[in-house]
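Trainee: With the input below, show me the fold.
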Amino acid sequence: MRIVADTNVLVRALISGVDSSPLLQLWLSGQIQLAVSTGTLAELASVLTRPKFQRYFTADNVTGLLTLLREHGEWVAITAQFALCRDPKDDVFLNLAITAQADYLVSEDNDLVADAALKARMLNDHQIQIVREAELAKALAGR
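Mentor: Numbers count the residues shown, from 1 in each chain. A predicted model of the protein is given here:
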């Protein structure tokens, strides 16, 4: 099973601790593949170095997560070029999910998870479900 994780899910996991993230636990246990791209990792690195996050984790925590993703993520060169989301910055995750033929795009961003039309289009056109992390954990627990 292939998953794309939005930056906000990975930031939350780093703040709360990797053990508190169902997504990262599934990935680290080998139950899912986590698709990454140059663009998504660049965005993550940029967000994680923002001053407002420095009180939550150390530079070593950031380096550790980025290294883990670089070394064990499934690298995908994005070829899809759709403009689907109200927020154009989120299109990189949608395009990664489409190119990677992901099963799920996991996010906590309402521009993605609360947009019923976008969710329906991604499911109907690309067979990709856009879900929150808790929804992913619930869906996979039922398998």
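Trainee: which stretch of helix or strand covers residue 25?
Mentor: Take DSSP states H and E as the rule and residue 25 turns out to sit in helix 22-28.
Trainee: Show me what that helix is in contact with.
Mentor: 3, 5, 9-10, 13, 18-19, 32-34, 72, 106, 133-134, 136-137, 140 (C-beta atoms under 8 Å, 6 or more residues apart in numbering). From N, CA and C alone the C-beta is placed, and that goes for glycine too.
Trainee: Check those residues for burial and list the buried ones.
Mentor: Buried residues within the contacts of helix 22-28, counting neighbours by 16 or more other C-beta atoms under 10 Å: 3, 5, 9-10, 13, 18, 32-34, 106, 133, 136-137, 140.
Trainee: what bridges to the spatially most central residue of the chain?
Mentor: Nearest to the geometric centre of the chain sits residue 5, at 0.8 Å (C-alpha atoms, centre = their mean). Per DSSP bridges, the residues bridged to residue 5 are residue 106.
Trainee: That one and residue 36, how far apart?
Mentor: Using C-beta to C-beta, to the nearest Å, residue 5 is found at 8 Å from residue 36.
Trainee: Ok, residue 128 next?
Mentor: Taking C-beta to C-beta as the measure, residue 128 falls 16 Å from residue 36.
Trainee: buried ones in stretch 42-55?
Mentor: 43, 44, 48.
Trainee: Look at the first one and give its secondary structure.
Mentor: Pointing back at residue 43 there. Residue 43 falls in the helix class when you classify it by DSSP: H, G, I helix; E, B strand; the rest coil.
Trainee: so what's it up against?
Mentor: 7, 89, 92.
Trainee: For the last one, the count of nearby residues, please.
Mentor: A count of nearby residues for residue 92, using other C-beta atoms under 10 Å, gives 20.
Trainee: Just give the closest residue to it, not the sequence neighbours.
Mentor: Of all residues not flanking residue 92 in the chain, residue 39 sits nearest, at 4.8 Å (C-beta to C-beta, 6 or more residues apart in numbering).
Trainee: what comes up buried for stretch 62-73?
Mentor: Using 16+ other C-beta under 10 Å as the test for burial, stretch 62-73 gives 62, 65, 66, 69, 73.
Trainee: Next, report how far stretch 13-32 is displaced from the centre of its chain.
Mentor: Its chain's average C-alpha position is 12 Å from that of stretch 13-32, according to C-alpha atoms, centre = their mean, to the nearest Å.
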